[in-house]
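1. Pasted the sequence and its predicted model underneath.
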Amino acid sequence: MKIWDKGIAVDKKIEQFTVGRDRELDLYLAPFDVQASRAQANMLAAAGLISAAENAQLQQGLGELTQQLEAGTFVIEPEYEDVHSKIEAYLTEKFGDAGKKIHTARSRNDQVLTALQLFIRDYCRRTAARTLELVEVLLTKAEAHQTDLMPGYTHFQAAMPSSFGLWFSAYAEHLLLDLSLFEAAYAVADQNPLGSGAGFGSSFPIDRLQTTHELGFGNLAVSSVGAQMLRGKTERTLAFALAGMAATLAKMAYDLVLYNSQDLAFVELPAAFTTGSSIMPHKKNPDVFELIRGRCQVLQALPNTLLLATAGLPSGYHRDFQLLKETLFEPMTQLLDILDIVLFALPELRIKPDLLNQAKYDAVFSVENINQLIQAGVPFREAYKQVGRAVEDGSYQPHREFQTTHLGSVHNLGLAEIRDKVARFRNGSRLGEPQTDS
């Protein structure tokens, strides 16, 4: 039941250790291995390495496997080492020699790598689509609350007037920056390694451009040695993208935990979105944002983990790469889950109006008092000292009326410009294209 089986028995304990969690984790890869096997069979037929009738049988069998995957009935039984063994065994059982020929001019190395490249490319697109949904929610909230002022903080101290519109739009813009890292991950995953074999090509007259086009890859990984070096590089690049977005979402969640506290009380979650205390009946804890924060902090360790797992390896395939699936696949799912829950919770966030009318925030207008003096002809440094003395001696009276005009300020959020960034991303990035991968 192993595609590398030469008839020599492997010790069961060794087998169990080397297989690890492959059967479980390979379910992520199964649709993409089927997709790549379809292209492989078509290419073998075009090259005259299998007959048209054999290709038709293989396409039929691979179609049946696709239906099983879509119905949720596809299973990798314990007797199979991985998804690749299962697929080949299924085709062989149904079609005999045709199934045995599917692996012609292909190694498990390029087979696994091709499925991984397709999987990660698809994941980048799905993550981008979810992120763009969140960006739209943030921009809608920014527009709705652009006149709702709040204190801006530095050093955990109230500093200057800000607004919820400015806060929401900031995160929308930064999520777009995070997508640039996913563009980089997509670019590395958008290289077709199929046909590179074990890293040294094949003496068969295969057509690697044919599989590149059929699988929708933007590029062919030309060098067979270089194609194998994608293993590890693709995962590491994606890990940096995951960590970058996780950092933004962790910061947002931390803000909201603070803003939801009784001391600040800037925002309020519906009671159904909070949890209580076993002893304090008044508590409404923002656990959802605390868990988002915690999970995102853990995700930020991914790049270091993957770097250490692959550090110092020479070119060529090494079994160490198997560990990358265990390290990366579940965090990939976790980030999508986090985006889902943020998309669910954020629209229900209630904003407290008129926050800056409270006397405790009088000091945040001190810069506006300085600006008023400057407009009256007082040099900045002297105006700064005058207002500073007034704050200290208690004579300070806040100048609450102010109007910003520059782009990206409290009264000029630049939402149209940020929406233009969204439009440019959708039109200019392959991540913004409609999802066509299964």
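-> Good, I have the coordinates.

2. what about the nearest residue to residue 92 once chain neighbours are set aside, helix or strand, and which?
-> Nearest non-adjacent residue to residue 92, counting by C-beta to C-beta, 6 or more residues apart in numbering: residue 99, 3.3 Å away. Where you see a C-beta, it was placed from the backbone N, CA and C, and this is true even at glycine. Applying DSSP states H and E as the criterion places residue 99 in helix 97-101.

3. Which element is encountered next along the chain beyond the longest helix along the chain?
-> The longest helix of the chain (DSSP state H) is helix 108-144. Scanning forward in sequence from helix 108-144 by DSSP H and E, the next helix or strand is strand 149-154.

4. Run the angle between the helix or strand that comes right after that next one and helix 108-144 for me.
-> Sequence-wise, the next helix or strand downstream of strand 149-154 (DSSP H and E) is strand 157-163. Taking axes from the mean of the first three to the mean of the last three C-alpha atoms, to 10 degrees, one finds strand 157-163 and helix 108-144 inclined to each other by 80 degrees.

5. for the record, mean pLDDT for strand 157-163?
-> When pLDDT is averaged along strand 157-163, the result is 95.

6. tell me what that strand is packed against?
-> Helices and strands touching strand 157-163, by 3 or more C-beta pairs under 8 Å, 6 or more residues apart in numbering; DSSP states H and E, are strand 149-154.

7. swap the cut-off to 10 Å and go again
-> strand 149-154, helix 366-375 (3 or more C-beta pairs under 10 Å, 6 or more residues apart in numbering; DSSP states H and E).

8. Can you tell me what sits against the helix or strand just after the last one?
-> So that's helix 366-375. Next helix or strand after helix 366-375 toward the C-terminus (DSSP H and E): helix 380-393. Surrounding helix 380-393, the residues in contact under the criterion C-beta atoms under 10 Å, 6 or more residues apart in numbering are 362-363, 365-379, 395-399.

9. if we can go back for a sec, please convert the helices and strands packed on strand 157-163 to CSV, extending it with distance to residue 267, mean neighbour count and mean pLDDT.
-> Below are the helices and strands packed on strand 157-163 laid out as CSV (distance: least, C-beta to C-beta, whole Å; neighbours: other C-beta atoms under 10 Å; pLDDT from 0 to 100):
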stretch, distance to residue 267, mean neighbour count, mean pLDDT
strand 149-154, 9, 18, 96
helix 366-375, 25, 17, 96
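
10. Mind checking those for the one nearest to residue 336?
-> strand 149-154 (30.3 Å; C-beta to C-beta).

11. Tell me, domain by domain, which residues of this protein belong where.
-> 12-104, 109-356+406-428, 359-393 (the TED database).

12. Wait, the residue nearest to residue 92 touches residue 60, no?
-> No - with contact defined as C-beta atoms under 10 Å, residue 99 does not count as touching residue 60 (11.2 Å).

13. If you count surrounding residues, which of these two has more?
-> Set residue 99 next to residue 60 and count neighbours by other C-beta atoms under 10 Å: residue 99 wins out with 20 against 13.
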